[in-house]
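> Sequence and predicted model, in that order:
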Amino acid sequence: MTGNPTPALGFTPPSAPVEVAARATRFVLPNGLTLIVRENHANATIALQGAVKAGAIFDPPGKSGLAAFVAAMLDQGTRSATAFEQASKVESLGATLRFEGGLETVSVSGNMLSEDLDAILAAMADALRNPIFPPDEIEKIRGELVTEVRIAENSTASVASRRANELLYPEGHPYHFHPGGTEASLAAVTREDLAAFHARHYGPGNLVLVLVGDLTPEQASRSVTAALGEWAPLVSVPPFQVPPSPAPSSTRRVDVMKPGKSQADVVCAMPGVARTAADYDSAMMMNYVLGGGSLSSRLMDTLRDRQGLVYGVYSSLIGGIGAGPIQIRAGTNPKNAERAVNAILEQVTLLRDAGPTEEEMDAAKGFLTGVFPVRLETNTGVAHQLVSAELYGLGLDYIDRYLELIRAVTTENVTAAARRYLRPDTCVLVVAGDLTGSNS
(Lines give C-alpha, C1' and ligand atoms only; values in the text may rest on other atoms or scores of the structure.)
Protein backbone atom coordinates (compact mmCIF):
# COMPACT_ATOMS: atom_id res chain seq x y z
CA MET A 1 0.00 0.00 0.00
CA THR A 2 1.59 3.24 -1.11
CA GLY A 3 0.60 6.88 -1.11
CA ASN A 4 -1.54 8.78 1.38
CA PRO A 5 -5.14 9.84 0.77
CA THR A 6 -6.28 13.38 1.36
CA PRO A 7 -7.73 13.90 4.86
CA ALA A 8 -11.46 14.45 5.17
CA LEU A 9 -12.09 17.68 7.06
CA GLY A 10 -15.84 17.32 7.19
CA PHE A 11 -18.62 15.26 5.63
CA THR A 12 -17.27 14.63 2.15
CA PRO A 13 -19.09 12.24 -0.17
CA PRO A 14 -17.10 9.08 -0.91
CA SER A 15 -15.95 8.20 -4.38
CA ALA A 16 -18.56 7.07 -6.85
CA PRO A 17 -19.62 3.49 -6.12
CA VAL A 18 -18.20 0.76 -8.28
CA GLU A 19 -20.73 -1.98 -9.01
CA VAL A 20 -19.16 -5.43 -9.10
CA ALA A 21 -21.49 -8.43 -9.44
CA ALA A 22 -25.09 -8.47 -8.28
CA ARG A 23 -25.77 -6.36 -5.19
CA ALA A 24 -22.11 -5.79 -4.30
CA THR A 25 -20.93 -2.19 -4.16
CA ARG A 26 -17.50 -0.82 -3.27
CA PHE A 27 -16.76 2.69 -2.02
CA VAL A 28 -13.53 4.39 -1.02
CA LEU A 29 -13.98 7.31 1.35
CA PRO A 30 -11.75 10.39 0.87
CA ASN A 31 -9.71 9.36 3.93
CA GLY A 32 -8.90 5.98 2.37
CA LEU A 33 -11.40 3.72 4.17
CA THR A 34 -12.73 0.94 1.94
CA LEU A 35 -16.43 0.12 2.32
CA ILE A 36 -18.16 -2.82 0.64
CA VAL A 37 -21.93 -3.28 0.79
CA ARG A 38 -24.17 -6.11 -0.30
CA GLU A 39 -27.93 -5.95 0.10
CA ASN A 40 -30.07 -8.73 1.55
CA HIS A 41 -33.52 -7.66 2.70
CA ALA A 42 -34.65 -11.13 3.82
CA ASN A 43 -34.80 -9.86 7.41
CA ALA A 44 -34.09 -6.64 9.27
CA THR A 45 -30.52 -7.45 10.29
CA ILE A 46 -27.02 -6.45 9.22
CA ALA A 47 -23.75 -8.33 9.53
CA LEU A 48 -20.58 -6.29 9.92
CA GLN A 49 -17.15 -7.70 9.11
CA GLY A 50 -13.96 -5.70 8.95
CA ALA A 51 -10.20 -6.04 8.87
CA VAL A 52 -7.60 -3.59 10.13
CA LYS A 53 -4.16 -4.14 8.64
CA ALA A 54 -2.59 -4.16 12.08
CA GLY A 55 -1.91 -7.81 12.85
CA ALA A 56 1.03 -9.66 14.38
CA ILE A 57 3.15 -9.32 11.23
CA PHE A 58 3.83 -5.78 12.49
CA ASP A 59 4.98 -6.82 15.98
CA PRO A 60 8.44 -5.33 16.68
CA PRO A 61 11.37 -7.52 17.81
CA GLY A 62 10.98 -8.73 21.37
CA LYS A 63 7.33 -7.68 21.53
CA SER A 64 5.47 -10.57 19.87
CA GLY A 65 1.84 -10.44 20.93
CA LEU A 66 1.75 -6.63 20.88
CA ALA A 67 -0.78 -6.43 18.02
CA ALA A 68 -3.09 -8.89 19.78
CA PHE A 69 -2.65 -6.92 23.02
CA VAL A 70 -3.74 -3.69 21.29
CA ALA A 71 -6.76 -5.40 19.73
CA ALA A 72 -7.82 -6.77 23.12
CA MET A 73 -7.66 -3.24 24.57
CA LEU A 74 -10.01 -1.63 22.03
CA ASP A 75 -13.09 -2.34 24.16
CA GLN A 76 -11.40 -1.60 27.48
CA GLY A 77 -12.05 2.13 27.62
CA THR A 78 -11.99 5.14 25.30
CA ARG A 79 -11.84 8.91 25.73
CA SER A 80 -15.61 9.03 26.13
CA ALA A 81 -16.57 5.65 27.62
CA THR A 82 -15.40 3.12 30.18
CA ALA A 83 -15.16 -0.55 29.27
CA PHE A 84 -18.50 -1.12 31.01
CA GLU A 85 -20.14 1.72 29.09
CA GLN A 86 -18.74 0.43 25.79
CA ALA A 87 -20.21 -3.01 26.43
CA SER A 88 -23.52 -1.61 27.64
CA LYS A 89 -24.05 0.47 24.49
CA VAL A 90 -23.84 -2.66 22.36
CA GLU A 91 -25.56 -5.16 24.64
CA SER A 92 -28.52 -2.87 25.34
CA LEU A 93 -29.38 -3.14 21.64
CA GLY A 94 -29.10 -6.92 21.58
CA ALA A 95 -26.20 -6.50 19.16
CA THR A 96 -22.64 -7.83 19.11
CA LEU A 97 -19.33 -6.11 18.37
CA ARG A 98 -15.98 -7.87 18.75
CA PHE A 99 -12.33 -7.22 17.99
CA GLU A 100 -9.75 -9.98 17.64
CA GLY A 101 -6.08 -9.80 16.82
CA GLY A 102 -4.75 -12.16 14.16
CA LEU A 103 -1.59 -12.89 12.24
CA GLU A 104 -2.06 -10.30 9.49
CA THR A 105 -5.09 -8.27 10.50
CA VAL A 106 -7.31 -7.37 13.41
CA SER A 107 -10.80 -8.62 12.69
CA VAL A 108 -13.91 -6.63 13.52
CA SER A 109 -17.23 -8.47 13.64
CA GLY A 110 -20.75 -7.57 14.63
CA ASN A 111 -24.41 -8.28 14.13
CA MET A 112 -27.32 -5.91 14.71
CA LEU A 113 -30.82 -4.91 13.75
CA SER A 114 -30.73 -2.64 10.73
CA GLU A 115 -32.27 0.19 12.77
CA ASP A 116 -29.23 0.10 15.10
CA LEU A 117 -26.55 0.43 12.43
CA ASP A 118 -25.61 4.02 13.28
CA ALA A 119 -25.28 3.24 17.00
CA ILE A 120 -23.03 0.23 16.39
CA LEU A 121 -20.92 2.12 13.87
CA ALA A 122 -20.48 4.90 16.43
CA ALA A 123 -19.38 2.38 19.06
CA MET A 124 -16.98 0.74 16.62
CA ALA A 125 -15.53 4.06 15.52
CA ASP A 126 -14.95 5.14 19.11
CA ALA A 127 -13.15 1.88 19.91
CA LEU A 128 -10.96 1.99 16.80
CA ARG A 129 -10.08 5.66 17.05
CA ASN A 130 -9.96 6.53 20.74
CA PRO A 131 -8.67 3.74 23.04
CA ILE A 132 -6.92 5.15 26.13
CA PHE A 133 -5.28 1.97 27.47
CA PRO A 134 -6.16 2.34 31.18
CA PRO A 135 -3.37 0.86 33.35
CA ASP A 136 -5.68 -1.36 35.40
CA GLU A 137 -7.28 -2.78 32.24
CA ILE A 138 -3.84 -3.33 30.71
CA GLU A 139 -2.86 -5.62 33.57
CA LYS A 140 -6.16 -7.47 33.40
CA ILE A 141 -5.73 -8.14 29.67
CA ARG A 142 -2.05 -9.00 30.12
CA GLY A 143 -3.05 -11.64 32.66
CA GLU A 144 -5.60 -13.11 30.26
CA LEU A 145 -3.12 -13.24 27.39
CA VAL A 146 -0.43 -14.85 29.54
CA THR A 147 -2.94 -17.45 30.70
CA GLU A 148 -3.71 -18.29 27.07
CA VAL A 149 0.01 -18.77 26.40
CA ARG A 150 0.37 -21.06 29.44
CA ILE A 151 -2.61 -23.14 28.33
CA ALA A 152 -1.09 -23.47 24.86
CA GLU A 153 2.26 -24.52 26.32
CA ASN A 154 0.50 -27.31 28.19
CA SER A 155 -0.94 -28.72 24.96
CA THR A 156 1.31 -31.04 22.95
CA ALA A 157 -0.57 -30.15 19.76
CA SER A 158 -0.09 -26.42 20.27
CA VAL A 159 3.55 -26.79 21.32
CA ALA A 160 4.38 -28.87 18.25
CA SER A 161 2.66 -26.41 15.90
CA ARG A 162 4.31 -23.34 17.41
CA ARG A 163 7.78 -24.87 17.48
CA ALA A 164 7.38 -25.95 13.86
CA ASN A 165 6.76 -22.37 12.72
CA GLU A 166 9.72 -21.17 14.79
CA LEU A 167 11.93 -23.67 12.95
CA LEU A 168 10.39 -23.04 9.53
CA TYR A 169 10.69 -19.25 9.55
CA PRO A 170 13.85 -17.47 10.76
CA GLU A 171 13.74 -15.22 13.79
CA GLY A 172 12.68 -11.77 12.65
CA HIS A 173 10.30 -13.13 10.02
CA PRO A 174 6.65 -12.10 10.67
CA TYR A 175 5.52 -15.76 10.78
CA HIS A 176 8.21 -16.93 13.22
CA PHE A 177 6.29 -16.33 16.46
CA HIS A 178 2.67 -17.09 17.29
CA PRO A 179 0.43 -13.98 17.17
CA GLY A 180 -0.36 -14.49 20.87
CA GLY A 181 3.26 -13.92 21.84
CA THR A 182 5.17 -15.48 24.71
CA GLU A 183 5.15 -14.89 28.45
CA ALA A 184 8.38 -12.92 28.17
CA SER A 185 7.27 -10.77 25.25
CA LEU A 186 3.90 -9.98 26.81
CA ALA A 187 5.59 -9.02 30.07
CA ALA A 188 7.78 -6.57 28.13
CA VAL A 189 4.85 -4.64 26.61
CA THR A 190 4.30 -1.20 28.14
CA ARG A 191 1.42 1.25 27.88
CA GLU A 192 3.64 3.37 25.63
CA ASP A 193 4.12 0.39 23.32
CA LEU A 194 0.35 -0.09 23.04
CA ALA A 195 -0.32 3.58 22.30
CA ALA A 196 2.53 3.83 19.78
CA PHE A 197 1.42 0.71 17.89
CA HIS A 198 -2.14 2.03 17.74
CA ALA A 199 -0.98 5.43 16.48
CA ARG A 200 1.15 3.83 13.76
CA HIS A 201 -1.24 1.19 12.43
CA TYR A 202 -4.84 2.22 13.13
CA GLY A 203 -6.15 4.57 10.47
CA PRO A 204 -8.91 4.63 7.84
CA GLY A 205 -6.61 3.62 4.99
CA ASN A 206 -5.85 0.39 6.87
CA LEU A 207 -9.52 -0.52 7.35
CA VAL A 208 -11.69 -2.65 5.09
CA LEU A 209 -15.32 -2.62 6.26
CA VAL A 210 -18.08 -4.83 4.86
CA LEU A 211 -21.81 -4.53 5.59
CA VAL A 212 -24.23 -7.19 4.39
CA GLY A 213 -27.95 -7.18 5.06
CA ASP A 214 -30.98 -4.94 5.24
CA LEU A 215 -29.58 -1.66 3.91
CA THR A 216 -28.85 0.05 0.63
CA PRO A 217 -25.38 1.09 -0.53
CA GLU A 218 -26.40 4.73 -0.23
CA GLN A 219 -27.56 4.25 3.37
CA ALA A 220 -24.34 2.45 4.25
CA SER A 221 -22.22 5.14 2.64
CA ARG A 222 -23.94 7.91 4.59
CA SER A 223 -23.76 6.05 7.89
CA VAL A 224 -20.12 5.02 7.57
CA THR A 225 -19.08 8.49 6.42
CA ALA A 226 -20.87 10.03 9.40
CA ALA A 227 -19.13 7.66 11.81
CA LEU A 228 -15.66 7.47 10.29
CA GLY A 229 -15.38 10.11 7.57
CA GLU A 230 -13.45 12.54 9.78
CA TRP A 231 -10.92 9.95 10.92
CA ALA A 232 -7.62 11.45 9.76
CA PRO A 233 -5.39 9.23 7.61
CA LEU A 234 -2.09 7.93 8.91
CA VAL A 235 0.91 10.05 8.01
CA SER A 236 2.70 6.95 6.73
CA VAL A 237 0.97 3.64 5.99
CA PRO A 238 3.18 0.60 6.67
CA PRO A 239 3.17 -1.72 3.64
CA PHE A 240 0.88 -4.72 3.96
CA GLN A 241 3.36 -7.37 2.90
CA VAL A 242 5.41 -10.30 4.16
CA PRO A 243 8.89 -11.10 2.84
CA PRO A 244 9.55 -14.50 1.28
CA SER A 245 11.28 -17.13 3.38
CA PRO A 246 13.50 -19.77 1.77
CA ALA A 247 12.70 -23.41 2.39
CA PRO A 248 15.05 -25.29 4.72
CA SER A 249 18.06 -26.77 2.93
CA SER A 250 17.66 -30.01 4.88
CA THR A 251 15.20 -31.63 7.27
CA ARG A 252 15.10 -30.02 10.72
CA ARG A 253 13.89 -32.14 13.63
CA VAL A 254 13.10 -31.19 17.22
CA ASP A 255 11.65 -33.39 19.96
CA VAL A 256 9.95 -31.55 22.83
CA MET A 257 9.67 -33.52 26.06
CA LYS A 258 6.34 -33.05 27.86
CA PRO A 259 6.43 -35.50 30.81
CA GLY A 260 3.19 -37.09 31.87
CA LYS A 261 1.38 -36.61 28.55
CA SER A 262 -0.42 -39.69 27.26
CA GLN A 263 -0.46 -38.38 23.68
CA ALA A 264 2.34 -37.27 21.43
CA ASP A 265 1.72 -34.77 18.66
CA VAL A 266 3.64 -34.77 15.41
CA VAL A 267 3.90 -31.78 13.07
CA CYS A 268 5.50 -31.81 9.63
CA ALA A 269 5.76 -28.29 8.18
CA MET A 270 6.82 -26.82 4.83
CA PRO A 271 6.61 -23.32 3.32
CA GLY A 272 3.29 -22.91 1.57
CA VAL A 273 1.69 -20.47 -0.81
CA ALA A 274 0.36 -16.92 -0.57
CA ARG A 275 -3.36 -16.36 -1.05
CA THR A 276 -2.51 -14.06 -3.92
CA ALA A 277 -0.55 -16.72 -5.83
CA ALA A 278 -1.88 -17.80 -9.22
CA ASP A 279 -1.78 -21.48 -8.24
CA TYR A 280 -3.43 -21.07 -4.83
CA ASP A 281 -6.57 -22.99 -5.87
CA SER A 282 -4.43 -25.88 -7.11
CA ALA A 283 -2.48 -25.91 -3.85
CA MET A 284 -5.72 -25.79 -1.86
CA MET A 285 -7.00 -28.85 -3.72
CA MET A 286 -3.66 -30.58 -3.18
CA ASN A 287 -4.02 -29.98 0.54
CA TYR A 288 -7.57 -31.34 0.52
CA VAL A 289 -6.41 -34.58 -1.09
CA LEU A 290 -3.49 -34.93 1.31
CA GLY A 291 -5.16 -34.23 4.63
CA GLY A 292 -7.58 -31.31 4.43
CA GLY A 293 -10.44 -33.60 3.49
CA SER A 294 -10.66 -35.11 6.97
CA LEU A 295 -12.09 -38.63 6.75
CA SER A 296 -11.69 -38.76 2.95
CA SER A 297 -8.04 -37.70 2.88
CA ARG A 298 -5.03 -39.86 2.14
CA LEU A 299 -3.48 -39.28 5.54
CA MET A 300 -6.60 -40.24 7.47
CA ASP A 301 -7.31 -43.25 5.29
CA THR A 302 -3.75 -44.58 5.49
CA LEU A 303 -2.44 -43.61 8.94
CA ARG A 304 -5.59 -44.03 10.99
CA ASP A 305 -7.97 -46.35 9.17
CA ARG A 306 -5.50 -48.79 7.63
CA GLN A 307 -2.44 -48.65 9.88
CA GLY A 308 -4.01 -47.58 13.18
CA LEU A 309 -1.04 -45.34 13.92
CA VAL A 310 -2.82 -42.12 14.91
CA TYR A 311 -5.93 -40.90 16.69
CA GLY A 312 -6.40 -38.24 14.07
CA VAL A 313 -4.39 -36.55 11.32
CA TYR A 314 -4.98 -33.62 8.99
CA SER A 315 -3.15 -31.03 6.95
CA SER A 316 -3.69 -27.29 6.68
CA LEU A 317 -2.60 -24.67 4.17
CA ILE A 318 -2.57 -21.12 5.51
CA GLY A 319 -2.31 -18.67 2.64
CA GLY A 320 -2.30 -14.99 3.48
CA ILE A 321 -0.53 -11.93 2.16
CA GLY A 322 2.59 -14.06 2.47
CA ALA A 323 3.29 -17.77 2.05
CA GLY A 324 2.04 -19.28 5.28
CA PRO A 325 2.93 -22.83 6.29
CA ILE A 326 1.63 -26.16 5.16
CA GLN A 327 1.31 -28.12 8.39
CA ILE A 328 0.52 -31.80 8.78
CA ARG A 329 -0.56 -32.62 12.34
CA ALA A 330 -1.13 -35.99 13.94
CA GLY A 331 -1.94 -37.15 17.46
CA THR A 332 -0.59 -40.56 18.41
CA ASN A 333 0.54 -42.87 21.19
CA PRO A 334 4.10 -41.81 22.06
CA LYS A 335 5.31 -45.33 21.24
CA ASN A 336 4.09 -44.84 17.66
CA ALA A 337 5.52 -41.37 17.14
CA GLU A 338 8.44 -42.39 14.92
CA ARG A 339 6.29 -44.67 12.80
CA ALA A 340 3.79 -41.84 12.38
CA VAL A 341 6.56 -39.49 11.23
CA ASN A 342 7.74 -41.99 8.63
CA ALA A 343 4.20 -42.70 7.44
CA ILE A 344 3.49 -38.96 6.99
CA LEU A 345 6.67 -38.47 4.96
CA GLU A 346 5.80 -41.49 2.83
CA GLN A 347 2.37 -40.10 1.92
CA VAL A 348 3.80 -36.65 1.21
CA THR A 349 6.35 -38.23 -1.11
CA LEU A 350 3.74 -40.32 -2.92
CA LEU A 351 1.52 -37.32 -3.61
CA ARG A 352 4.47 -35.20 -4.71
CA ASP A 353 5.73 -37.85 -7.12
CA ALA A 354 2.48 -39.16 -8.62
CA GLY A 355 -0.12 -36.47 -7.97
CA PRO A 356 -3.79 -37.17 -7.17
CA THR A 357 -6.02 -39.76 -8.77
CA GLU A 358 -9.06 -38.77 -10.80
CA GLU A 359 -11.28 -40.15 -8.03
CA GLU A 360 -9.53 -37.90 -5.51
CA MET A 361 -9.98 -34.91 -7.80
CA ASP A 362 -13.69 -35.62 -8.17
CA ALA A 363 -14.09 -35.93 -4.39
CA ALA A 364 -12.14 -32.72 -3.76
CA LYS A 365 -14.12 -30.73 -6.32
CA GLY A 366 -17.38 -32.12 -5.03
CA PHE A 367 -16.61 -31.06 -1.48
CA LEU A 368 -15.15 -27.64 -2.29
CA THR A 369 -18.02 -26.69 -4.60
CA GLY A 370 -20.58 -28.10 -2.19
CA VAL A 371 -19.39 -26.45 1.00
CA PHE A 372 -18.93 -22.96 -0.45
CA PRO A 373 -22.65 -22.21 -0.94
CA VAL A 374 -23.24 -23.33 2.65
CA ARG A 375 -20.76 -20.70 3.84
CA LEU A 376 -22.82 -18.08 2.02
CA GLU A 377 -26.12 -18.94 3.70
CA THR A 378 -25.67 -16.20 6.31
CA ASN A 379 -24.92 -12.50 5.97
CA THR A 380 -21.84 -13.06 8.13
CA GLY A 381 -20.54 -15.72 5.77
CA VAL A 382 -20.98 -13.46 2.75
CA ALA A 383 -19.31 -10.56 4.55
CA HIS A 384 -16.35 -12.72 5.54
CA GLN A 385 -15.78 -13.76 1.92
CA LEU A 386 -16.00 -10.16 0.72
CA VAL A 387 -13.38 -9.03 3.27
CA SER A 388 -10.98 -11.70 2.05
CA ALA A 389 -11.64 -10.83 -1.58
CA GLU A 390 -10.75 -7.20 -0.91
CA LEU A 391 -7.66 -7.92 1.21
CA TYR A 392 -6.12 -10.25 -1.34
CA GLY A 393 -7.25 -8.52 -4.52
CA LEU A 394 -9.53 -11.35 -5.67
CA GLY A 395 -12.27 -9.05 -6.93
CA LEU A 396 -15.74 -8.55 -5.50
CA ASP A 397 -17.09 -11.00 -8.04
CA TYR A 398 -14.99 -13.78 -6.48
CA ILE A 399 -18.07 -15.23 -4.80
CA ASP A 400 -19.75 -15.56 -8.17
CA ARG A 401 -16.64 -16.95 -9.90
CA TYR A 402 -15.62 -19.43 -7.19
CA LEU A 403 -17.38 -22.52 -8.53
CA GLU A 404 -16.00 -21.90 -12.01
CA LEU A 405 -12.48 -21.44 -10.62
CA ILE A 406 -12.59 -24.72 -8.68
CA ARG A 407 -14.03 -26.71 -11.58
CA ALA A 408 -11.28 -25.39 -13.85
CA VAL A 409 -8.47 -26.88 -11.73
CA THR A 410 -7.03 -29.92 -13.46
CA THR A 411 -5.23 -33.00 -12.22
CA GLU A 412 -2.10 -31.63 -13.91
CA ASN A 413 -2.46 -28.35 -11.99
CA VAL A 414 -2.63 -30.16 -8.65
CA THR A 415 0.28 -32.44 -9.55
CA ALA A 416 2.36 -29.37 -10.39
CA ALA A 417 1.42 -27.76 -7.07
CA ALA A 418 2.38 -30.94 -5.20
CA ARG A 419 5.79 -31.01 -6.87
CA ARG A 420 6.32 -27.36 -6.06
CA TYR A 421 5.15 -27.19 -2.45
CA LEU A 422 5.56 -30.67 -0.94
CA ARG A 423 9.14 -31.06 0.27
CA PRO A 424 9.52 -34.25 2.35
CA ASP A 425 13.33 -34.06 2.13
CA THR A 426 13.61 -30.45 3.37
CA CYS A 427 10.80 -30.08 5.88
CA VAL A 428 10.50 -29.29 9.57
CA LEU A 429 9.53 -32.07 12.00
CA VAL A 430 8.48 -31.56 15.61
CA VAL A 431 7.33 -34.24 18.04
CA ALA A 432 5.95 -33.11 21.41
CA GLY A 433 4.99 -35.46 24.22
CA ASP A 434 6.29 -37.84 26.85
CA LEU A 435 8.79 -39.58 24.61
CA THR A 436 10.56 -41.55 27.36
CA GLY A 437 10.85 -45.09 26.18
CA SER A 438 9.31 -44.33 22.80
CA ASN A 439 10.87 -45.29 19.52
CA SER A 440 11.47 -41.65 18.54
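Arrived safely.

> got any ranges where the stretch 201-350 of the chain has weak pLDDT?
For the stretch 201-350 of the chain, the stretches with pLDDT under 70 are 294.

> can you map out the strands along it?
For the stretch 201-350 of the chain, the strands defined by DSSP state E, counting those that start in this stretch cover 207-213, 252-257, 264-271, 310-319, 323-332.

> Kindly present those as JSON lines, with separate columns for distance to Thr380 and mean neighbour count.
Using the backbone N, CA and C atoms, a C-beta is placed for each residue, glycine as well. JSON lines is the format used below for the strands of the stretch 201-350 of the chain (distance: least, Cβ to Cβ, whole Å; neighbours: other Cβ atoms under 10 Å):
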{"stretch": "strand 207-213", "distance to Thr380": "8", "mean neighbour count": "27"}
{"stretch": "strand 252-257", "distance to Thr380": "37", "mean neighbour count": "14"}
{"stretch": "strand 264-271", "distance to Thr380": "31", "mean neighbour count": "26"}
{"stretch": "strand 310-319", "distance to Thr380": "21", "mean neighbour count": "21"}
{"stretch": "strand 323-332", "distance to Thr380": "23", "mean neighbour count": "25"}
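
> To Arg419, which of those strands lies closest?
Nearest to Arg419, of all the strands of the stretch 201-350 of the chain, is strand 264-271, at 12.5 Å by Cβ to Cβ.

> Show me what the closest one is packed up against.
helix 156-168, strand 323-332, helix 337-354, strand 428-433 (3 or more Cβ pairs under 8 Å, 6 or more residues apart in numbering; DSSP states H and E).

> most packed of those?
The highest mean neighbour count among the helices and strands packed on strand 264-271, using mean count of other Cβ atoms under 10 Å, belongs to strand 428-433: a mean of 26.

> same question for it, mean pLDDT?
For strand 428-433, the mean pLDDT works out to 97.

> relative to strand 323-332, how tilted is it?
40 degrees (axes from the mean of the first three to the mean of the last three Cα atoms, to 10 degrees).

> Contacts for strand 428-433 next, please.
156-157, 159-161, 163-164, 167-168, 248, 251-258, 261, 263-270, 334, 337, 341, 440 (Cβ atoms under 8 Å, 6 or more residues apart in numbering).

> Let me know the secondary structure of the closest residue to Val224 other than its chain neighbours.
Counting by Cβ to Cβ, 6 or more residues apart in numbering, Val224 lies nearest to Leu35, which is 5.2 Å off, once chain neighbours are set aside. The local conformation at Leu35, judged by DSSP: H, G, I helix; E, B strand; the rest coil, is strand.

> Need the pLDDT of Leu35.
The model reports Leu35 with a pLDDT of 98.

> Reformat the strands of the stretch 201-350 of the chain as TSV; add distance to Ala56.
Formatted as TSV, those follow (distance: least, Cβ to Cβ, whole Å):
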stretch	distance to Ala56
strand 207-213	17
strand 252-257	22
strand 264-271	18
strand 310-319	13
strand 323-332	12
